[in-house]
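S.K.: sequence unknown, structure follows:
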């Protein structure tokens, strides 16, 4: 088969296989916006990005500032090798009162927080 | 400004903002042409209509993510969507399933005398196109029936222009052979 004949056949085929869309199809397609939700879009507007980023960056900055102000974990946590054993002399009296020896050093940690209680009662 | 002055890409941006009028205009521009394309690729009107519905669902859903900076042409993107959907439908078919030949002689230009002859030839071409490898038949459909340039068709198929031209040459050659064989066997049956 030569090229001319082939082109003729293809042209005929192209014409005979180009149906017009049915009314039902058009209606279904036109109803799509009412039935299908659009995906959230990626915005190219600078103002949208500004509104998106500002609250998030503010929150992040505030969190960082708070973290610096409160200090790191090393300064506030009591390390395992840093606690001091509290060695107190406790005197239990007859009337169920507890007396802590005046001379006892009550150390909670090595950072010199010393709590010395006088007699409870 | 007339509606023709608004490009498809502009319409996509408007659709992305939920503009249903823009969506209607885009449907009006592309439904018929792409329905014919899907119909030829699948050889089945019902499946082609399903493909078109799915394709326009994608248009509506993804319009908000249309990126004008990419400079992608809507027609290229849409042909690619329709082509891939048609391939998916073809893959889901059972191997033994043969699609009923759809014959819709729609052209009034064809006189009553040669309707049968045209009908017969169309069946032959349809069968021959179905026998071609998928990529060769797609290349022929895009370039001959949809009248895309080689570069546009190559973009739709995501291949180089050279590869597309190769598909076209091999496809046409094979098509000519199949149609010649059909003609010879028909003449043999008559004679």
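M.R.: Cool, got the structure. Given the structure is predicted, the values throughout are model-derived calculations rather than measurements. Residues are numbered from 1 along each chain as shown, chains lettered A, B, ... in the order given.

S.K.: Please pull out the lowest mean pLDDT helix or strand from chain B.
M.R.: In chain B, no helix or strand scores lower on mean pLDDT, DSSP states H and E than helix B:115-131, which sits at a mean of 78.

S.K.: ok, and for that helix, which residues are buried?
M.R.: For helix B:115-131, a neighbour-count test (16 or more other CB atoms under 10 Å in any protein chain shown) marks B:118-119, B:121-122, B:124-126, B:128-130 as buried. Any C-beta I mention is one placed from the backbone N, CA and C, and that applies to glycine too.

S.K.: just those now: which is nearest residue A:16?
M.R.: residue B:122 (4.7 Å; CB to CB).

S.K.: Excluding chain neighbours, what is closest to residue A:14?
M.R.: The shortest distance from residue A:14 to any non-neighbouring residue, by CB to CB, 6 or more residues apart in numbering or on different chains, is to residue B:145 (4.5 Å).

S.K.: Surely that neighbour is in contact with residue B:36?
M.R.: Yes - contact criterion CB atoms under 8 Å: residue B:145 and residue B:36 qualify, at 7.1 Å.

S.K.: what is in contact with the two at once?
M.R.: Common neighbours of residue B:145 and residue B:36, using CB atoms under 8 Å, 6 or more residues apart in numbering or on different chains, are residue A:18.

S.K.: Which residues of chain A lie near chain B?
M.R.: Contact residues, chain A versus chain B (CB under 8 Å from any CB of the partner chain): A:1-3, A:6, A:9-10, A:12-22, A:25-26, A:28-30, A:32-33, A:36-42, A:44.

S.K.: rewinding a little: got a list of what the residue nearest to residue A:14 touches?
M.R.: Taking CB under 8 Å, 6+ apart, one finds A:10, A:14, A:18, B:36-37, B:40 in contact with residue B:145.

S.K.: Which residue in those has the weakest pLDDT?
M.R.: Least confident of these in the model: residue A:18, at 77.

S.K.: Run through the residues that contact the spatially closest residue to it that is not a sequence neighbour.
M.R.: Spatial nearest neighbour of residue A:18, chain neighbours left out: residue B:36 (3.7 Å); criterion: CB to CB, 6+ apart. By CB under 8 Å, 6+ apart, the contact set of residue B:36 is A:17-19, B:145.

S.K.: Pick out the most distant pair among the residues you listed.
M.R.: Across the contacts of residue B:36, no pair lies farther apart than A:19 and B:145, at 13.0 Å, counting by CB to CB.

S.K.: What's the local residue count around residue B:83?
M.R.: 23 (other CB atoms under 10 Å in any protein chain shown).

S.K.: What are the contacting residues of the helix or strand where it lies?
M.R.: Per DSSP states H and E: residue B:83 is located in helix B:74-92. Outside helix B:74-92, the residues that touch it by CB under 8 Å, 6+ apart are B:7-9, B:11-12, B:26, B:30, B:34, B:37-38, B:41-42, B:47-48, B:50-52, B:54-55, B:58-59, B:134, B:138, B:142, B:146, B:148, B:152, B:155-158.
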